[in-house]
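# Return atomic coordinates for the entry below.
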Amino acid sequence: MLTTENDVKHLIIQKDIPFSNSKIEAFNKIIKHQFLLSRNLENRKQLKGALSEYVHIYNSIRPQLSLQGNTPEETYGGKQITFNNYKTHFAQ
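Numbering: from 1, shown residues only. This is a model prediction of the structure:
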């Protein structure tokens, strides 16, 4: 049996570990499940075209609940976050 005198420290991803890749993994999951799996992409050229389109939609058109209704582009540009925007964007 292996024992240690040091306590085990519980770390939380995105809070205690700044180098975590969980944010990009979440983005990859959204792109894959909401955009790519529904398409029948047959080759790399089609995939590149679809990704270009979907990354633009994700960054510029699709409102994000985590950004209180802003798109990433709006938040990056300094637009104030207002949750009412989420309802408006979602309806559109």
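
# How about the helix ranked longest in the chain, which residues are buried there?
Using DSSP state H, we find that the single longest helix of the chain is helix 44-56. If you call a residue buried by 16 or more other CB atoms under 10 Å, then helix 44-56 has these buried ones: Y54. Just so you know, the C-beta spots here come from the backbone N, C-alpha and C atoms, and that holds for glycine as well.

# gap between the residue nearest in space to the middle of the chain and K45?
By CA atoms, centre = their mean, the chain has its centre lying nearest to F27, at 3.3 Å. Computed with CB to CB, to the nearest Å, the distance linking F27 and K45 is 22 Å.

# what kind of secondary structure is N70 in?
Put simply, N70 is coil when judged by DSSP: H, G, I helix; E, B strand; the rest coil.

# Wait, it touches Y76, no?
No - using CB atoms under 8 Å, N70 is not in contact with Y76, being 9.2 Å away.

# Which of those two has more residues huddled nearby?
N70 (21 against 11; other CB atoms under 10 Å).

# Tell me both backbone torsions, phi and psi, for that one.
Main-chain dihedrals, N70, degrees, to the nearest 10: phi -80, psi 160.

# Begin at 34, not 1, for the rest of this chat.
Okay, residue one is now 34; in that scheme the one you just asked about reads as N103.

# quick one, what contacts it?
N103 is in contact with 96-97, 112, 114, 118, counting by CB atoms under 8 Å, 6 or more residues apart in numbering.

# what's the least confident helix or strand in the protein, going by average pLDDT?
Here the helix or strand of the chain ranked lowest by mean pLDDT, DSSP states H and E is helix 117-124, holding a mean of 62.

# any idea how far P105 lies from S93?
8 Å.

# Which one's more surrounded, those two?
Neighbours were counted for P105 and for S93 using other CB under 10 Å; P105 has more, 16 against 11.

# Do I have it right that the more buried one meets I90?
No - contact between P105 and I90 fails when scored by CB under 8 Å: they sit 11.0 Å apart.

# Can you report how many residues neighbour Y91?
As a burial measure, Y91 scores 18 neighbours (other CB under 10 Å).

# mind checking how far it is from F68?
For Y91, the distance to F68 - CB to CB - is 8 Å.
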